[in-house]
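Chemist: Next one to model:
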Amino acid sequence: MEDLYNVECCDFIHAHEDIVEKVRHQLPGEDTLYDLTELFRIFGDSTRVRILYVLFEAEMCVCDIAALLGLTQSAVSHQLRALKNVRLVKSRREGKTVFYSLADDHVKTIINQGLEHVRE
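Modeler: Numbering: from 1, shown residues only. You can find the predicted model right below:
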């Protein structure tokens, strides 16, 4: 069986400058890469992913999410704040209640593609 963790290296160390330069010009800026890293860091917490799945189905308030997931309102609020900071969720106020929903369809796409990848 092939060793999946064995990374082969070149026997002769020589950078292919034409390829390096072409790719260098395609790389996003450092600020963009930082923002992307922060976005993916958010997905590293199963509670946040569970909250996103809940919001796939319906717009909900903190109380509803807490009851559904068996978490405290404080814990849910904390995670929603993190999700809102990276623009994965949005909120709207209706009287004294604040409802949360997915910010846009990109969120579903990201989760679904990740799920498809881990199921392969």
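Chemist: what does the model give Glu2 for pLDDT?
Modeler: As predicted, Glu2 sits at a pLDDT of 55.
Chemist: could you measure the closest residue to Phe43 other than its chain neighbours against Gly114, distance?
Modeler: The spatial neighbour of Phe43 that comes closest, neighbours along the chain excluded (CB to CB, 6 or more residues apart in numbering), is Val49 at 6.2 Å. C-betas here are computed from N, CA, C, even on glycine. Between Val49 and Gly114 the distance, using CB to CB, to the nearest Å, works out to 9 Å.
Chemist: Repeat that for Ile13.
Modeler: Ile13 is 35 Å from Gly114, by CB to CB.
Chemist: Who has more neighbours out of these two?
Modeler: For Ile13 versus Gly114, the count of surrounding residues by other CB atoms under 10 Å is larger for Gly114: 13 against 6.
Chemist: Do you know the pLDDT at the more buried one?
Modeler: 89.
Chemist: Contacts made by whatever helix or strand it lives in with the rest, please.
Modeler: Gly114 belongs to helix 105-119 when assigned by DSSP states H and E. With contact meaning CB atoms under 8 Å, 6 or more residues apart in numbering, helix 105-119 is reached by 43, 49, 52-53, 56, 88-89, 102.
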